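Peer 1: got a sequence here, can you model it:
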Amino acid sequence: MNSMCWLCLLFICNTMALSGEIWKPCPYNSLSCIRKYFSQHGVCKQRCDYNPDVLNLTSAVVVPYPTAEITSLYQHITYIGLRGNINNFFINPKTNNAVLTVEFPDIRLETDQVTLFFHRLGCEPWTTTDCGTVKCKKIFVTAAIPNPYNLQMANAFITSFTYDAKPSYSFGPKIMNDSFSKKPLLAFLSNIPDDIQQLLSILMPFALQMFVKYNICDFNLSPGSRIIRPCPDYSLSCVQKYFTDNAQCTVPILDAPYTITYPFPWKIVYGSSNTTIIYSRLDFITSCISILDFFINPATDKAVLTVQFFDLTAFANHFDIYFHRMGQEPARMSTNGTFLFYPIIVTATIPNVRNLQMRNAFFATVCVNGLASYTLGPKVMYDVNTQFYFDQYIADLQNRSQHFLYYIMAFVFKAFVKYNICDFDIYSIRV
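Peer 2: Numbers count the residues shown, from 1 in each chain. As a prediction, the model looks like this:
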């Protein structure tokens, strides 16, 4: 009779999987049942420990707050209240994911060192450092784990959500009483629910990973993530050594030039605004650069390097703007200009961690404030209707500037690597 019941259950589960319906292998979200499922279908060791209520995250975490024009750096974070409850667990055959949701009823995040970077026009950011605490109720953290019959927690996509509309927070007196940062800090605090949600979306994956590790199954992930940080302090000398040991490049022997030049014509097509711009030459100047993060992801065999350019000025001594027109040749104008951006954060994802090749890197660029300011030189119009199109160009300049950065920052980033970390001898190659 018992074997017949199991055969019936197996038949029902297979039928639901084939039909694409969600399947709950543990209908009552029983912890023992979920442990059994993970141990049978995951590369992990079953755990029955009692989840510790307090854990420390030693790695530093960068959290941007674009609406408040603030970037924060959290170090030595302590999680209090990690004894969560399983809210749901199911298999979705349509997406081929196992989905686990854990509720943390009352969680507190404490740090003895949070640094706020207040962005300033044309200047280095103003910084202030002190302790900080955030308290939040009813946080739901969900992991969508691909391949439910060969679970790999390292590949999970983790998200968080909270209904707490008024989470509590506190900062130390050095932050709260800083006269210079009072105005931007008020803008930050006035939008605190959204700002804390931003913080939680970055910090709560660690909480879920630790819950799974101590309560369900140990996937042997490093604390907080699957990544390895060979340079915990992000020092330039350490990053340089890693590159020289694991890449076909040489230690830089020349000082970084004050101006970085791209001497070739650069054509950028702005399809959304029907415009093409050809820059005859571009020169770039930046006053301050720092490494924000550097880590190795064994699961993807990639090295990830994030660099912040506190400001970037682009000089175009001549460029032609072509305004697309239906059934006609494009209207054209020529000018020159200077464009200031700040701050810009660029992340390079470089495959093959034991044989790094910068030419194979994928670049992602975020400019917190967009185009800060610009000046344009005398304009040469080649068509009577060009002024109309030029007015549209100016009106959409902010969006175009993001498009511009998408193309040029890979080149600027490679120049930074060439002169400061390791010379891959690709700087002269067009990008």
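Peer 1: tell me how far the most centrally placed residue in the chain lies from residue 62.
Peer 2: Residue closest to the average C-alpha location in the chain (CA atoms, centre = their mean): residue 347, at 7.9 Å. Between residue 347 and residue 62 the distance is 11 Å, computed by CB to CB, to the nearest Å. The way it works is simple: take the backbone N, C-alpha and C, and place the C-beta from them, glycine included.
Peer 1: okay, and the common contacts of these two?
Peer 2: Each of 293, 306 lies in contact with both residue 347 and residue 62 under the rule CB atoms under 8 Å, 6 or more residues apart in numbering.
Peer 1: follow-up on the earlier one: in which helix or strand would I find the residue nearest to the centre of the chain?
Peer 2: Element membership of residue 347, judged by DSSP states H and E, is strand 344-351.
Peer 1: pairing partners for that strand, with directions?
Peer 2: Partners of strand 344-351 in the sheet, by DSSP bridges, are strand 302-309 (antiparallel), strand 362-367 (antiparallel).
Peer 1: need the next SSE after the last one, C-terminal direction.
Peer 2: To tie it back to what came earlier, the one meant is strand 362-367. Following strand 362-367 toward the C-terminus (DSSP H and E): strand 371-376.
Peer 1: what about that next one, average pLDDT?
Peer 2: For strand 371-376, the mean per-residue pLDDT is 88.
Peer 1: just list what the helix or strand following it packs against, helices and strands only.
Peer 2: Of the helices and strands lying after strand 371-376 in sequence (DSSP H and E), the nearest is strand 380-381. Counting contacts by 3 or more CB pairs under 8 Å, 6 or more residues apart in numbering; DSSP states H and E, strand 380-381 packs against strand 328-341.
Peer 1: and the strand it packs on, how far out from the chain middle?
Peer 2: Relative to the chain's own centre, strand 328-341 is displaced by 32 Å; criterion: CA atoms, centre = their mean, to the nearest Å.
Peer 1: which strands or helices does it pack on?
Peer 2: strand 312-325, strand 371-376, strand 380-381, helix 386-395, helix 397-420.
Peer 1: what's the angle between it and strand 302-309?
Peer 2: Using axes from the mean of the first three to the mean of the last three CA atoms, to 10 degrees, the direction of strand 328-341 lies 80 degrees away from that of strand 302-309.
Peer 1: what lines up beside strand 328-341 in the sheet?
Peer 2: In the sheet, strand 328-341 lines up with strand 312-325 (antiparallel), strand 371-376 (antiparallel), strand 380-381 (antiparallel) (DSSP bridges).
Peer 1: which residue ranges make up each domain of this structure?
Peer 2: Split into domains by automatic domain parsing, the chain comes to 23-218, 236-420.
Peer 1: show the low-confidence segments of the stretch 251-400 of the chain, by residue range.
Peer 2: 271-272 (pLDDT under 70).
Peer 1: which helix or strand contains residue 62?
Peer 2: Take DSSP H and E as the rule and residue 62 turns out to sit in strand 61-65.
Peer 1: contacts for that strand, please.
Peer 2: Identification of contacts with strand 61-65 by CB under 8 Å, 6+ apart yields 70-75, 77, 188, 195, 198-199, 202-203, 292-293, 306, 345, 366, 368.
Peer 1: let's go with 10 Å and repeat that
Peer 2: 70-75, 77, 111, 114-117, 119, 184, 187-188, 191, 194-195, 198-203, 206, 224, 292-293, 306, 308, 343, 345, 366, 368 (CB atoms under 10 Å, 6 or more residues apart in numbering).
Peer 1: so how far is the following helix or strand past that strand off the chain centroid?
Peer 2: Sequence order places strand 70-80 as the next helix or strand after strand 61-65, per DSSP H and E. Computed by CA atoms, centre = their mean, the chain-centroid distance of strand 70-80 equals 16 Å.
Peer 1: let the chain start at 89 from now.
Peer 2: Sure, I'll start counting at 89 from here, so that last one is strand 158-168.
Peer 1: how about the strands in the stretch 189-338 of the chain?
Peer 2: For the stretch 189-338 of the chain, the strands defined by DSSP state E, counting those that start in this stretch cover 211-234, 245-250, 256-259, 305-306.
Peer 1: what's the closest of these to residue 486?
Peer 2: strand 211-234 (20.6 Å; CB to CB).
Peer 1: and that closest one, what's buried?
Peer 2: By 16 or more other CB atoms under 10 Å, the buried positions in strand 211-234 come out as 213, 216-224, 227-233.
Peer 1: the strand holding residue 435: which residues count as buried?
Peer 2: So for strand 432-439, counting by 16+ other CB under 10 Å, buried means 432-438.
Peer 1: just those now: which is nearest residue 129?
Peer 2: Checking the buried residues of strand 432-439 against residue 129 with CB to CB, the nearest one is residue 437 at 29.5 Å.
Peer 1: who's in contact with the residue nearest to the closest one when sequence neighbours are not counted?
Peer 2: Nearest non-adjacent residue to residue 437, counting by CB to CB, 6 or more residues apart in numbering: residue 450, 4.6 Å away. Going by CB under 10 Å, 6+ apart, residue 450 touches 390, 392, 435-439, 498.
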